[in-house]
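A.B. asks: heads up, no residue letters with this:
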């Protein structure tokens, strides 16, 4: 069960990335990249 939930969560994140990239709006793309950076680098250091 947890593998399927994890798969769906990862699929949703990738779909969100693709949506932001295909929008062509540089502000949306930059905001998505910034949030991913914050989530990966800064929050993991705190965690």
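C.D. replies: Arrived safely. These figures come from a predicted structure and were not determined experimentally.
A.B. asks: Please state the offset of stretch 21-34 from the chain centre?
C.D. replies: Distance of stretch 21-34 from its chain centroid, counting by CA atoms, centre = their mean, to the nearest Å, is 11 Å.
A.B. asks: sec struct for the spatially most central residue of the chain, please.
C.D. replies: Nearest residue to the geometric centre of the chain (CA atoms, centre = their mean): residue 13, 4.9 Å. Under the three-state scheme (DSSP: H, G, I helix; E, B strand; the rest coil), residue 13 adopts helix.
A.B. asks: ok, which stretches of this structure are helices?
C.D. replies: 2-23, 26-37, 43-46 (DSSP state H).
A.B. asks: Can I get those helices in a markdown table including mean pLDDT?
C.D. replies: What follows is the helices of the chain, written out as a markdown table (pLDDT from 0 to 100):
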| stretch | mean pLDDT |
| --- | --- |
| helix 2-23 | 93 |
| helix 26-37 | 91 |
| helix 43-46 | 80 |
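A.B. asks: Show me which residues of stretch 25-39 are buried.
C.D. replies: Using 16 or more other CB atoms under 10 Å as the test for burial, stretch 25-39 gives residue 32. Any C-beta I mention is one placed from the backbone N, CA and C, and that applies to glycine too.
A.B. asks: Figure out how far it is from the centre of its chain.
C.D. replies: That offset, for stretch 25-39, works out to 9 Å (CA atoms, centre = their mean).
A.B. asks: Could you do stretch 10-21 as well?
C.D. replies: 7 Å.
A.B. asks: Contacts made by that stretch with the rest, please.
C.D. replies: Applying CB atoms under 8 Å, 6 or more residues apart in numbering, the external contacts of stretch 10-21 come out as 28-29, 31-32.
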